[in-house]
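Chemist: no FASTA, just this:
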């Protein structure tokens with residue numbers, strides 16, 4: 001209907017890049033400058049290519065919301081896997097020089113750069129950068145995903161809500177119950193159906209998607225309305 005042929009991931013990446021250039025440009029500049037200061041603060045990373053060219057690729061296309069990944073002491077195995085997966089994805093998409101800079105960015109995000117045995121870099125700067133990334137990725141995802149990409153991808157509008165994924169495919173009733181059982185066991189205090197906005201918002205996806213379940217009826221109604229208009 002909208003003529004959009006790109007996948008949702010492509011639309012989301014473009015939205016993130018737009019947010020980085022406009023709405024969050026100042027916050028992003030602070031991150032780039034801080035990361036550059038960390039790099040030039042020690043001779044071992046002083047020859048690292050300009051991080052301003054690498055960080056946009058990693059943040060815009062790979063990093064998820066990192067609000068609770070770090071606690072100041074390092075990262076646990078699960079959180080480290082998320083960071084490493086994001087860095088590897090950004091590395092594969094990067095066509096410029098100095099690919100090793102992604103290792104430097106990974107070590108900063110995981111605080112490995114200042115772990116015991118790797119003295120030389122400013123501990124306060126590294127921790128400050130890691131925590132600022134946590135504060136940055138949340139608003140970046142909200143502005144790019146919910147406030148931009150959701151308005152450009154219209155496959156099933158009922159899926160374009162906070163916490164949803166418009167690119168997912170339909171599931172069977174059995175798969176739904178299995179997923180809810182897993183969620184209840186993993187996150188017993190989490191919500192399973194109702195959004196965080198208003199109580200009546202839980203009914204909105206059902207109202208939006210209900211016409212899709214009666215496409216034949218809707219088509220016959222359109223024909224009858226067209227015939228009535230022609231008779232007039």
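Modeler: Right, received. Where do you want to start? Since the structure is predicted, the reported quantities are computational estimates derived from the model, not experimental observations.
Chemist: residues in contact with residue 15?
Modeler: Shown in contact with residue 15 (Cβ atoms under 8 Å, 6 or more residues apart in numbering): 144, 145, 148, 149, 152. C-beta coordinates here come from the backbone N, C-alpha and C atoms, glycine included.
Chemist: Kindly provide the distance from the third one to residue 23.
Modeler: Shown here: residue 148 relative to residue 23, a distance of 9 Å by Cβ to Cβ, to the nearest Å.
Chemist: likewise the second one?
Modeler: As judged by Cβ to Cβ, residue 145 and residue 23 stand 13 Å apart.
Chemist: Looking at the two, which has the bigger crowd around it?
Modeler: Higher neighbour count among residue 145 and residue 23: residue 145, with 22 against 16, using other Cβ atoms under 10 Å.
Chemist: Okay, buried residues for whichever helix or strand residue 79 is part of please.
Modeler: Taking DSSP states H and E as the criterion, residue 79 maps to helix 77-93. Within helix 77-93, the residues that count as buried by 16 or more other Cβ atoms under 10 Å are 79, 80, 82, 83, 86, 87, 90, 91.
Chemist: and that helix, what does it pack onto?
Modeler: Secondary-structure packing of helix 77-93 (3 or more Cβ pairs under 8 Å, 6 or more residues apart in numbering; DSSP states H and E): helix 55-61, helix 101-109.
Chemist: before we move on, back to that, let's have the buried residues of helix 77-93 in TSV, adding distance to residue 108 and pLDDT.
Modeler: Output for the buried residues of helix 77-93, formatted as TSV (distance: Cβ to Cβ, whole Å; pLDDT from 0 to 100):
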residue	distance to residue 108	pLDDT
79	14	75
80	13	80
82	15	81
83	10	83
86	13	83
87	10	84
90	14	81
91	15	82
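Chemist: Going by distance to residue 128, which of the residues you listed wins?
Modeler: residue 83 (17.1 Å; Cβ to Cβ).
Chemist: Name the nearest residue to the closest one, sequence neighbours excluded.
Modeler: Counting by Cβ to Cβ, 6 or more residues apart in numbering, residue 109 is the residue found nearest to residue 83 once chain neighbours are left out, at 5.2 Å.
Chemist: Next, count neighbours for that neighbour.
Modeler: Count around residue 109 with other Cβ under 10 Å applied: 28.
Chemist: From what I see, it and residue 130 are in contact.
Modeler: Yes - the criterion here is Cβ atoms under 8 Å, and residue 109 meets it with residue 130 at 5.8 Å.
Chemist: ok so, going back, farthest pair within the buried residues of helix 77-93?
Modeler: 79 and 91 (18.8 Å).
Chemist: I'd like the buried residues of helix 77-93 written out as a markdown table, with distance to residue 31 added.
Modeler: Below are those laid out as a markdown table (distance: Cβ to Cβ, whole Å):
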| residue | distance to residue 31 |
| --- | --- |
| 79 | 19 |
| 80 | 20 |
| 82 | 18 |
| 83 | 15 |
| 86 | 15 |
| 87 | 15 |
| 90 | 15 |
| 91 | 19 |
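Chemist: and which of those is nearest residue 42?
Modeler: residue 87 (20.1 Å).
Chemist: circling back to that earlier point, determine which of the helices and strands packed on helix 77-93 shows the lowest mean per-residue pLDDT.
Modeler: Looking at the helices and strands packed on helix 77-93, the lowest mean pLDDT belongs to helix 55-61 (a mean of 59).
Chemist: mind checking how far residue 182 is from residue 171?
Modeler: Taking Cβ to Cβ, one finds residue 182 at 13 Å from residue 171.
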